[in-house]
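Chemist: coordinates only, sequence not included:
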């Protein structure tokens, strides 16, 4: 999950750099094209934020599952399955 989250963050930063670098060119476009480009970058930014948010949530779920699975001491003991199954 770190891979996904890191690339989402990196892509968000690159999109911001692209926006800044292309600003002079975007300024020369007509209003319709500027609006189109603004909408596209806003959608991309939102998608990257969603990827990051859901990636963090998935990461938390996986960590929680790992912590839960490691909750026992790992100590082994013998169990008589015949008597164990009748107690249930």
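Modeler: Everything's here; your move. Remember, predicted model here, so these are calculated numbers, not experimental data.
Chemist: in the chain, which spans are strands?
Modeler: Ranges of strands in the chain, per DSSP state E: none exist.
Chemist: low-confidence ranges in it?
Modeler: For the chain, residues meeting the criterion pLDDT under 70 lie at 71-74, 84-88.
Chemist: now the lengthiest helix in the chain: how far from the chain's centre is it?
Modeler: Longest helix in the chain, counting residues (DSSP state H): helix 31-69. The chain centre lies 6 Å from the centre of helix 31-69; the measure is C-alpha atoms, centre = their mean, to the nearest Å.
Chemist: separation between the residue most central in space within the chain and residue 36?
Modeler: The structure's the chain has its C-alpha centroid closest to residue 55; by C-alpha atoms, centre = their mean the separation is 1.7 Å. Separation of residue 55 from residue 36 (C-beta to C-beta, to the nearest Å): 28 Å. Any C-beta I mention is one placed from the backbone N, CA and C, and that applies to glycine too.
Chemist: ok, now residue 16?
Modeler: Residue 16 sits 18 Å away from residue 36, going by C-beta to C-beta.
Chemist: coming back round to it: verify the contact between the residue nearest to the centre of the chain and residue 3 for me.
Modeler: No: using C-beta atoms under 8 Å, residue 55 makes no contact with residue 3, being 9.0 Å away.
Chemist: Common neighbours of the two, please.
Modeler: Listed as contacting both residue 55 and residue 3 by C-beta atoms under 8 Å, 6 or more residues apart in numbering is no residue at all.
Chemist: Can you point out the buried residues in stretch 49-62?
Modeler: Using 16 or more other C-beta atoms under 10 Å as the burial criterion, the residues of stretch 49-62 that qualify are 51, 52, 55.
Chemist: cool, stretch 13-29 as well?
Modeler: residue 15.
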